[in-house]
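> Give me a 3D structure for the following:
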Amino acid sequence: MPTDPEPTTLTWRVADGVGWVRLNRPDRYNAFDQVMCDELQALWRRLRTDDDVRCIVLGAEGGKAFCTGIDRDFVPAEGGAEYAFSPYTYDDPGQQLGPKSNELWKPVIAAVDGIACGGAFYLLGEVDFIIATEASRFFDPHVTYGMPAVYEPLLMLHRGMPFGEVLRMTLLGNHERMTARRAHEIGVVSEVVADAAALDAAAGWAAAAIASAPPSAIQATLRTLWAGRELTRQQALALGGPLLNLGMSEEALAEGQKVFQGERIVPRDR
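Alright, predicted model coming up:
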């Protein structure tokens with residue numbers, strides 16, 4: 001586990017190879033401020049070399065919201081001297097939030113319960129899959145408040161959200177919220193569960209299953225598939241050889257043989 005001072009905007013624990021991270025500003029609907037940006041970035045970077053953690057579950061405290069984006073108190077007041085914007089010097093806070101932006105190539109499962117909107121997609125756009133409760137709702141209010149919706153919908157588009165659905169969500173702003181069921185229908189959410197207890201159980205089961213595999217095989221697979229989203233087919237296949245060799249080891253193969261020769265895994269249906 002990390003040895004740095006305990007974060008103030010996150011809760012954090014490790015159990016059986018799974019790291020449980022929760023956004024912890026429920027009084028602000030888990031909106032992120034500079035402290036949360038700094039603490040998430042530091043945590044993702046520490047986890048890159050933490051061998052006790054093979055998979056991460058990212059959730060939130062409070063039950064009402066997973067994340068509602070940037071804290072309004074984080075944004076300078078209009079008209080202030082610090083309000084000036086320059087496209088040449090702008091530091092996007094989202095670069096601190098996402099696991100992939102911080103070069104963490106261990107699987108991250110998002111466990112969403114409640115509202116996920118706006119800047120929440122900085123996180124959801126970089127996790128590997130999403131499990132959500134029936135009560136969860138997804139929307140992007142940027143244009144309603146006179147702001148262009150840029151980075152967040154681009155991240156969701158890139159991770160596979162259908163083009164028309166991204167446009168509908170961003171253009172309608174606060175006028176419509178996508179249910180967890182609709183998000184599941186279009187492939188944004190991989191599983192919908194009844195409530196918070198079922199959410200922890202489902203995310204914990206999936207994370208434990210992933211953590212049971214050799215980490216070198218998991219990380220090479222993860223890097224291959226994310227790279228494959230950005231490359232042409234031939235480029236991705238050409239990259240496959242080096243990543244295959246990097247992820248293959250005698251230790252991992254021996255571990256796999258023990259599984260093959262041991263008690264049969266009974267899969268569940270989804």
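> Which residues belonging to the least confident helix or strand in the chain by mean pLDDT are considered buried?
Lowest on mean pLDDT, DSSP states H and E among the helices and strands of the chain sits helix 250-261, with a mean of 73. By neighbour count on 16 or more other CB atoms under 10 Å, the buried set for helix 250-261 is 252, 255. In this view, the C-beta of every residue, glycine as well, is placed from N, C-alpha and C.
> Provide the contact partners of the host helix or strand of Leu58 at residue level.
Secondary structure assigned from DSSP states H and E places Leu58 in strand 55-60. Outside of strand 55-60, the residues within contact range by CB atoms under 8 Å, 6 or more residues apart in numbering are 17-24, 26, 30, 47, 66-67, 99, 106-114, 123, 127, 199-200, 203-204, 207-208, 210-211, 218.
> What of stretch 139-158?
Applying CB under 8 Å, 6+ apart, the contact partners of stretch 139-158 are 69, 92, 94, 98, 115, 117-122, 124-126, 163, 166-167, 169-178, 188, 229-230.
> Pull the distance from that stretch to the chain's centre.
17 Å (CA atoms, centre = their mean, to the nearest Å).
> Show me which residues of it are buried.
Within stretch 139-158, the residues scored as buried using 16+ other CB under 10 Å are 139-142, 149, 151-153, 155-157.
> domains for this protein, by residue range?
The chain is divided into the following domains under automatic domain parsing: 10-82+90-211, 215-260.
> Kindly present those as a markdown table, with separate columns for distance to Val266.
Shown next, in a markdown table, are the domains of the chain (distance: least, CB to CB, whole Å):
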| stretch | distance to Val266 |
| --- | --- |
| domain 10-82+90-211 | 12 |
| domain 215-260 | 13 |
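> and the residue nearest the centre of the chain, helix, strand or coil?
Centroid check for the chain by CA atoms, centre = their mean gives Val127 as the closest residue, at 2.8 Å. Three-state call for Val127 (DSSP: H, G, I helix; E, B strand; the rest coil): coil.
> Can you give me every residue that contacts it?
Contacts of Val127 (CB under 8 Å, 6+ apart): 58, 99, 108-110.
> On the pLDDT front, check it for me.
Among the per-residue scores, Val127 holds a pLDDT of 98.
> Phi and psi next, for it.
Backbone torsions of Val127, given as degrees, to the nearest 10, read phi -80, psi 170.
> thinking again about what came up before, filter the contacts of stretch 139-158 down to the ones in strands?
115, 117, 178 (DSSP state E).
> if I read this right, the first one contacts Thr68, doesn't it?
Okay, so that is Ile115. Yes - assessed by CB atoms under 8 Å, Ile115 is found in contact with Thr68 at 5.9 Å.
> Surely Arg54 is in contact with Gln219?
No - between Arg54 and Gln219 there is no contact under CB under 8 Å: 9.2 Å.
> Burial check on the closest residue to Ala220 other than its chain neighbours, number of neighbours?
Distances taken as CB to CB, 6 or more residues apart in numbering put Gly247 closest to Ala220, at 2.4 Å, once the chain neighbours are dropped. Counted with other CB atoms under 10 Å, the neighbours of Gly247 add up to 19.
> Starting from Thr232, give me the distance back to Gly247.
When distance is defined by CB to CB, to the nearest Å, Gly247 is 22 Å away from Thr232.
> Same check on Gly146?
Distance from Gly146 to Thr232, by CB to CB: 38 Å.
> Where does the prediction get shaky in the stretch 151-270 of the chain?
Applying pLDDT under 70 to the stretch 151-270 of the chain flags the ranges 260.
> which residues in it form helices?
With DSSP state H, counting those that start in this stretch, the ranges of helices along the stretch 151-270 of the chain come out as 151-158, 163-172, 180-185, 196-211, 215-230, 233-247, 250-261.
> In a markdown table: those helices, plus distance to Gly62.
Formatted as a markdown table, the helices of the stretch 151-270 of the chain follow (distance: least, CB to CB, whole Å):
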| stretch | distance to Gly62 |
| --- | --- |
| helix 151-158 | 21 |
| helix 163-172 | 23 |
| helix 180-185 | 17 |
| helix 196-211 | 10 |
| helix 215-230 | 29 |
| helix 233-247 | 38 |
| helix 250-261 | 38 |
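> Minimum distance to Arg13: which of those has it?
Closest to Arg13 of those is helix 196-211 (CB to CB; 11.8 Å).
> Can you dump the C-alpha atoms of that closest one in PDB for me?
Written as PDB, here are the backbone C-alpha positions of helix 196-211 (Å, rounded to 0.1, in the frame of the first residue of the first chain):
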ATOM      1  CA  ALA A 196     -24.900  -0.300  -3.700                       C
ATOM      2  CA  ALA A 197     -24.400  -3.600  -2.000                       C
ATOM      3  CA  ALA A 198     -24.900  -5.500  -5.200                       C
ATOM      4  CA  LEU A 199     -22.500  -3.100  -6.900                       C
ATOM      5  CA  ASP A 200     -19.700  -3.800  -4.500                       C
ATOM      6  CA  ALA A 201     -20.300  -7.500  -4.800                       C
ATOM      7  CA  ALA A 202     -20.300  -7.400  -8.600                       C
ATOM      8  CA  ALA A 203     -17.200  -5.200  -8.900                       C
ATOM      9  CA  GLY A 204     -15.400  -7.200  -6.200                       C
ATOM     10  CA  TRP A 205     -16.100 -10.500  -8.000                       C
ATOM     11  CA  ALA A 206     -14.800  -9.200 -11.300                       C
ATOM     12  CA  ALA A 207     -11.700  -7.600  -9.800                       C
ATOM     13  CA  ALA A 208     -10.900 -10.700  -7.800                       C
ATOM     14  CA  ALA A 209     -11.200 -12.800 -11.000                       C
ATOM     15  CA  ILE A 210      -8.800 -10.400 -12.900                       C
ATOM     16  CA  ALA A 211      -6.400 -10.300  -9.900                       C
END
